[in-house]
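Colleague: Okay, here's the prediction I keep looking at, along with the sequence it came from:
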Amino acid sequence: MVFLGSLEAEMGMISVVGVLGCALALGTPVALPALEALPAVPALPALEALAAPPALKAIPARPALVAPSGLEARPGLAATQVPPAQQPDPASERIYGSVRTTEGERLEGYLRWDRNETHWADFLDGRREISREHEQEAERLDAVLRARRQRERSVTLPNVRITWDEDDGVPLETTQAAVRFAHLASLEVTGPRRAVGVLTSGDSVELVAGSTDLGGGFRGLVVETAGGGDVELDWDELARVDFQSAPPGALPPKSRRLFGTLRTRDGREFTGLVAWDLDEALTTDVLDGEEGREEVHIAFADIAAISRESGSSARVTLTNGVARVLEDTNDVDSSNRGIEITDEAFGRVVLRWDDFASLRFRARTGPAAGKDAFVASGRVRGAVASADGRRASGVIRWDNADEHRWDVLHATSDGMALTVELGQVLSIAKGASGALVTLVDGRVLEVEIGEDDAGDFREGNQGVFVEPASGTSGTAMMVPWRDLLTVTFER
């Protein structure tokens, strides 16, 4: 869940003193029953109401549907009309680039990556190897880790014990990784499951398949060419992609990105770019379902809202006010793969069907979130405090991997998956079973500390490393996850 709270740093525990049920958009206070036998903790100051994120350009009007027999039209649910002057240019927000295939063919146009990535704000997901150098540094700075690794590098036989010092030949550990498409200058396919991205900052990142964005599970790249035709390519047909803003005078894309406000069953709200079922992302995409024994297919451009009717059905309200209850497909029941909201300010949330309440589509307003709108160059700097009283400041590397402003943190909150761009984090305060992540814009996220190997907030986290800033004295310091209290990032 998303909370306002306070952290008792000396005890390493979090006391939640207020709920930001959905402070991300509403700022509405929600009362919690008092906890007995707990000492009073002063509440953090309330966050100011946050401005609603900008929204995508309104979709062109379509002919109204006629309400089928037996369905009641509900007035007042039509999509909000936004004057064209207030809508961002759709061409500037769409991913655009030049694609070279393995056969030497070159294609240029708007790109749709793996079905649900269409805009510069979207993320390319994968896994990244932790370098041998970083692994060795962690072992050198952490005595507990060093002792464990020494035990792992030994075999005991009758009357003999065999040990070795190096891990050469042992596969490198990998960790979750993601980067916004806006930060990519190019992506080169280097193997059946690998690609190397060069960023606009000059950094490079090698990604290994860990989702459908790379490798054999890739759901295809669609190039909407300047001539208007679509060309779809599989992973084994790709050689290289060079990303760029759409050139001046380029025709607008044939469809626009879905945008709206998602509401969870416990009242939280998130607004941003939408990918329904981690698949349908454009106004021309189609929602499938059954009504009675009839198959129903509805273009998302004709949908004003979707709400959860039950575990196996959804109520779909059309732009003309007609409501239909659909079931029996993964678009409208518990087999839905997730409802994704990409927030241009901090990152992304993915909600499970069981936690979904409703989604209200609307047009996006405000300035365009083009490729140049996302700037995240350089390494992150800040100060770290540990439970044993150590303090250090300098260049920070989280979980022995994430050290750039374009890197992301993966976390969960009540089962909801969060992806948070590191450059948008102001501070992190860790407790016994969770952590408070304060964003640059003032929002506060409460995330869980897991016991498995997933995410950046887990018991197996490899710690926080602090490297003295260039030109300053001091030595590198590593704070093990078990001892971490707070990290405060420089702006």
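Modeller: In hand now; what should we look at?
Colleague: and stretch 299-312, how far out from the chain's middle?
Modeller: Taking CA atoms, centre = their mean, to the nearest Å, one finds stretch 299-312 lying 23 Å from the centre of the chain it belongs to.
Colleague: in stretch 477-491, what's buried?
Modeller: Under the neighbour-count criterion of 16 or more other CB atoms under 10 Å, stretch 477-491 has 477-481, 483-489 buried. All C-beta spots, glycine's among them, are computed from the backbone N, C-alpha and C.
Colleague: could I get the residues you listed as a markdown table with pLDDT and distance to residue 248?
Modeller: Converted to a markdown table, those look like this (pLDDT from 0 to 100; distance: CB to CB, whole Å):
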| residue | pLDDT | distance to residue 248 |
| --- | --- | --- |
| 477 | 90 | 50 |
| 478 | 91 | 49 |
| 479 | 93 | 49 |
| 480 | 91 | 52 |
| 481 | 92 | 49 |
| 483 | 93 | 54 |
| 484 | 95 | 49 |
| 485 | 97 | 51 |
| 486 | 97 | 47 |
| 487 | 97 | 43 |
| 488 | 97 | 43 |
| 489 | 97 | 37 |
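Colleague: so of those residues, which ones are in strands?
Modeller: For the buried residues of stretch 477-491, the ones inside strands are 477-479, 484-489, with DSSP state E as the criterion.
Colleague: Neighbours of the spatially closest residue to residue 215 that is not a sequence neighbour, how many?
Modeller: Distances taken as CB to CB, 6 or more residues apart in numbering put residue 209 closest to residue 215, at 3.1 Å, once the chain neighbours are dropped. Look at residue 209: counted by other CB atoms under 10 Å, it has 20 neighbours.
Colleague: And the one 10 residues further on, by the same measure?
Modeller: The number of residues packed near residue 219 is 17, by other CB under 10 Å.
Colleague: on that earlier part again, between the buried residues of stretch 477-491, which is closest to residue 302?
Modeller: residue 489 (44.0 Å; CB to CB).
Colleague: Identify the residues contacting that closest one.
Modeller: Contacts were defined as CB atoms under 8 Å, 6 or more residues apart in numbering; by that measure residue 489 touches 380-382, 396, 422, 425-427.
Colleague: give me that answer again for 10 Å
Modeller: With contacts defined as CB atoms under 10 Å, 6 or more residues apart in numbering, residue 489 is in contact with 380-383, 396, 405, 422-428, 438, 440.
Colleague: Now it: closest residue in space that isn't a chain neighbour?
Modeller: Nearest residue to residue 489, sequence neighbours excluded (CB to CB, 6+ apart): residue 382, at 4.0 Å.
Colleague: and the one you found, what element?
Modeller: Following DSSP states H and E, one finds residue 382 within strand 381-386.
Colleague: Over to residue 316?
Modeller: Element membership of residue 316 [criterion: DSSP H and E] is strand 313-318.
Colleague: Check which element follows that strand along the chain.
Modeller: Counting by DSSP H and E, what follows strand 313-318 is strand 323-327.
Colleague: Moving C-terminal from that following strand, which element do we reach first?
Modeller: Counting by DSSP H and E, the element after strand 323-327 in chain order, helix or strand, is strand 339-343.
Colleague: Make sure the residue nearest to residue 215 is actually in contact with residue 177.
Modeller: No: the criterion here is CB atoms under 10 Å, and residue 209 misses it with residue 177 at 11.3 Å.
Colleague: tell me, what's touching the two both at once?
Modeller: 125-127.
Colleague: Using a markdown table, lay out the buried residues of stretch 477-491 together with distance to residue 104.
Modeller: Below are those laid out as a markdown table (distance: CB to CB, whole Å):
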| residue | distance to residue 104 |
| --- | --- |
| 477 | 51 |
| 478 | 48 |
| 479 | 51 |
| 480 | 51 |
| 481 | 48 |
| 483 | 55 |
| 484 | 51 |
| 485 | 55 |
| 486 | 53 |
| 487 | 48 |
| 488 | 51 |
| 489 | 45 |
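Colleague: Pick out whichever of the residues you listed sits closest to residue 199.
Modeller: residue 489 (19.6 Å).
Colleague: For that closest one, give its distance to residue 283.
Modeller: As for residue 489, its distance to residue 283 is 38 Å (criterion: CB to CB, to the nearest Å).
Colleague: before we move on, back to that, partner residues bridging the residue nearest to residue 489?
Modeller: Taking DSSP bridges as the rule, residue 382 bridges to residue 394, residue 489.
Colleague: OK, contacts around it?
Modeller: Residues near residue 382 by CB under 10 Å, 6+ apart: 392-396, 425-428, 464, 466, 486-491.
Colleague: Is residue 371 in contact with residue 91, as I believe?
Modeller: No: with contacts defined as CB under 10 Å, residue 371 does not count as touching residue 91, sitting 11.3 Å away.
Colleague: who's more crowded, the two?
Modeller: residue 371 (25 against 20).
Colleague: now the more buried one: how far from residue 257?
Modeller: As judged by CB to CB, residue 371 and residue 257 stand 15 Å apart.
Colleague: next one: residue 488
Modeller: As judged by CB to CB, residue 488 and residue 257 stand 35 Å apart.
Colleague: what do you get for residue 237?
Modeller: 25 Å.
Colleague: Of those two, give the one with the bigger neighbour count.
Modeller: Per other CB under 10 Å, whichever of residue 237 and residue 257 has more neighbours is residue 257, with 25 against 16.
Colleague: picking that back up, so of the shared contacts of residue 209 and residue 177, which ones are in strands?
Modeller: Assignment to strands by DSSP E places the following of those there: 125-127.
Colleague: Which one (most neighbours) among those?
Modeller: Most surrounded of these: other CB under 10 Å gives residue 126, at 24 neighbours.
Colleague: Just list the residues touching that residue, thanks.
Modeller: Contact partners of residue 126, counting by CB under 10 Å, 6+ apart, are 174, 176-179, 193-195, 197, 205-211, 213-215.
Colleague: Skip the chain neighbours and tell me the closest residue to it.
Modeller: residue 207 (3.5 Å).
Colleague: buried ones in the strand or helix carrying that neighbour?
Modeller: Using DSSP H and E, residue 207 maps to strand 204-208. Buried residues in strand 204-208, counting neighbours by 16+ other CB under 10 Å, are found at 205-208.
Colleague: Make JSON lines from the shared contacts of residue 209 and residue 177 and add pLDDT and distance to residue 376 to it.
Modeller: As requested, the shared contacts of residue 209 and residue 177 are exported to JSON lines (pLDDT from 0 to 100; distance: CB to CB, whole Å):
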{"residue": "125", "pLDDT": "97", "distance to residue 376": "17"}
{"residue": "126", "pLDDT": "96", "distance to residue 376": "18"}
{"residue": "127", "pLDDT": "95", "distance to residue 376": "20"}
